[in-house]
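> Quick one: sequence and predicted model below, then my questions.
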Amino acid sequence: MLDHSAISPIGNAMRKDLNIVFKISERCNLKCDYCYFFFGGDETWKKHPPLVSREVVQDLGAFVARAARDEQLELIHLIFHGGEPLLMSKPRFTEMCETLRGYENGFQFSFALQTNGVLVDEGWIDIFERYRVTAGVSLDGPPVVNDLHRLDFKGRSSYDATVAGLRLLQQAATQGRVSAPGLLCVINPFADGAKVYRHFVDDLGVKHMSFLTPDYTWDSIVGEPVIRGVERFLLAALRAWLADKNPKIQVRVFSELLAAMVDQRAMELVQTYRDDYRNIISVSSNGDLGPEDTLRTLDPRFASMGLNVESNDLRDLFESGAWREQADAVTIRPEKCKTCDWWKLCKAGRPVNRYSRAAGFSNHSLYCSGLKDLYAEIGAFLVRNGTPLAELALRLAS
Ligand code: SF4
């Protein structure tokens, strides 16, 4: 067990930042059937207000100011999340940003937002420009892939509306008003990862993206074809990205691995993130505190921890039992991972993908064999392009 009392809750001396996923809207204008938030089994959202109140925004500002003072935090990455965050009205969103900025004292907020893009318009872009909000858009691929899951409440495609929002953001980015929007794609196991990647790059002109493995656990009733399909998608997308050899195109899930294999500092950074999930917390629309958002669906003990920004401090969260359980997960080296050459990079993958009711976080990743292929492919690419094998082996040595 990790001795939590001996270290800062932020865990790593390199760390002066904290990520907060802030559920400003717990309702959505789409009905994507794979959505962990609404259909993942945790129904606490039904008891939460659809939109965050002014009081909770103030409580969060005060909570962050206390956390920054107590834990010497300098940068708070606040990710406006949902549901769909743009269901909040523009005046309320503006007021929220003003309120939060008013708490900056010895620390700074950076604002980001994850949206399905449908409601993005010029008015929103003005707000993003004024408050330096970086927007990420969720899209799963061309219509034939995206519309398998990402539909509205009447079962209609969301593709055109999402792409229209993306285009507005891209246009504003070329004018220097906002940051270029990135795409977040949930992997469809039956889609071709290379085609999805090409669609994003060639048809939509996107330069930043990431691919997310579906939030399955070892208890999910999904067969081998689904798991193998996810792995195949990742490998195909990776090969397409490597073939481009274009450093301006960043696929986060691949770029950070490649960087870690060639650069010691990047390796340390990846390890820090893998090692320390205490760097990501979530705040519900009613102010309740919790762990990284996808973990809420695993068990009620992660969804309702009985802690709230109004009356608790960051340390209360880090000292709670459920929090310690998920934080300790990173210290467990599952049996299968004990002899794995990729351990330092992988650390058994995303927590949600290694969880089971029976063994908690003690399992290797559900996508283990695909992850190994991914790491090996990147390693082989580097060696082919001049990285000495011995140097790579040394960096990966545990
Ligand atoms: S690739 Fe598999 S065995 Fe290796 S560390 Fe990751 S989950 Fe464990």
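Yep, it's here.
> Please make it C-alpha for all contacts and neighbour counts, starting now.
OK.
> Which residues outside the longest helix along the chain are in contact with it?
Assignment by DSSP state H gives helix 224-244 as the longest helix of the chain. Under the criterion Cα atoms under 8 Å, 6 or more residues apart in numbering, residues 187-198, 211, 213, 251, 254, 366-367, 369-371, 373-374, 381 lie in contact with helix 224-244.
> Contacting the ligand as well, which ones from these?
Here is what survives when those are matched to the ligand using Cα under 6 Å from any ligand atom: residue 371.
> Looking at the contacts of helix 224-244, which are in strands?
Using DSSP state E, the subset of the contacts of helix 224-244 located in strands is 211, 251.
> Now which of the contacts of helix 224-244 would you call buried?
Neighbour-count burial (16 or more other Cα atoms under 10 Å) applied to those gives 187-189, 191-198, 211, 213, 251, 254, 366-367, 370-371, 374, 381.
> Show only the entries of those found in helices.
Among these, DSSP H puts 193-198, 254, 370-371, 374, 381 in helices.
> Reformat the residues you listed as JSON lines; add pLDDT.
Listed next are these as JSON lines, based on pLDDT from 0 to 100:
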{"residue": "193", "pLDDT": "97"}
{"residue": "194", "pLDDT": "98"}
{"residue": "195", "pLDDT": "97"}
{"residue": "196", "pLDDT": "98"}
{"residue": "197", "pLDDT": "98"}
{"residue": "198", "pLDDT": "98"}
{"residue": "254", "pLDDT": "94"}
{"residue": "370", "pLDDT": "94"}
{"residue": "371", "pLDDT": "95"}
{"residue": "374", "pLDDT": "95"}
{"residue": "381", "pLDDT": "95"}
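> May I see these organised as a markdown table, with distance to residue 327 added?
Shown next, in a markdown table, are these (distance: Cα to Cα, whole Å):
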| residue | distance to residue 327 |
| --- | --- |
| 193 | 32 |
| 194 | 35 |
| 195 | 37 |
| 196 | 34 |
| 197 | 33 |
| 198 | 37 |
| 254 | 24 |
| 370 | 25 |
| 371 | 22 |
| 374 | 26 |
| 381 | 33 |
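> From those residues, pick the one nearest the ligand.
Closest approach between these and the ligand, by Cα to the nearest ligand atom: residue 371, at 5.2 Å.
> what residues are up against the closest one?
Applying Cα under 8 Å, 6+ apart, the residues near residue 371 are residue 231.
> Then residue 257?
Per Cα under 8 Å, 6+ apart, neighbours of residue 257: 270, 345, 375, 378.
> Briefly note if the helix or strand hosting the first one comes near the ligand.
Element membership for residue 270 (DSSP states H and E) is helix 264-275. No. Between helix 264-275 and the ligand, judged by Cα under 6 Å from any ligand atom, nothing touches; the nearest distance is 11.1 Å.
> contacts for that helix?
Contacts for helix 264-275 (Cα under 8 Å, 6+ apart): 12, 256-257, 259-261, 279, 330-331, 344-347, 395.
> give me that answer again for 7 Å
Residues outside helix 264-275 that contact it (Cα atoms under 7 Å, 6 or more residues apart in numbering) are 259-261, 330, 344-345, 347.
> Could I have the CA atoms of the longest helix of the chain written out in PDB?
Extracted in PDB, the C-alpha atoms of helix 224-244 (Å, rounded to 0.1, in the frame of the first residue of the first chain):
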ATOM      1  CA  GLU A 224     -13.600 -11.500 -28.300                       C
ATOM      2  CA  PRO A 225     -14.600 -10.000 -31.700                       C
ATOM      3  CA  VAL A 226     -15.300  -6.600 -30.000                       C
ATOM      4  CA  ILE A 227     -12.000  -6.600 -28.100                       C
ATOM      5  CA  ARG A 228     -10.000  -7.700 -31.100                       C
ATOM      6  CA  GLY A 229     -11.800  -5.100 -33.200                       C
ATOM      7  CA  VAL A 230     -10.800  -2.300 -30.900                       C
ATOM      8  CA  GLU A 231      -7.200  -3.500 -31.000                       C
ATOM      9  CA  ARG A 232      -7.300  -3.800 -34.800                       C
ATOM     10  CA  PHE A 233      -8.700  -0.200 -35.100                       C
ATOM     11  CA  LEU A 234      -5.900   1.200 -33.000                       C
ATOM     12  CA  LEU A 235      -3.200  -0.600 -35.000                       C
ATOM     13  CA  ALA A 236      -4.700   0.500 -38.300                       C
ATOM     14  CA  ALA A 237      -5.000   4.100 -37.200                       C
ATOM     15  CA  LEU A 238      -1.400   4.000 -35.800                       C
ATOM     16  CA  ARG A 239       0.000   2.700 -39.100                       C
ATOM     17  CA  ALA A 240      -1.800   5.400 -41.100                       C
ATOM     18  CA  TRP A 241      -0.500   8.100 -38.700                       C
ATOM     19  CA  LEU A 242       3.100   6.700 -38.800                       C
ATOM     20  CA  ALA A 243       2.900   6.600 -42.600                       C
ATOM     21  CA  ASP A 244       2.100  10.300 -42.800                       C
END
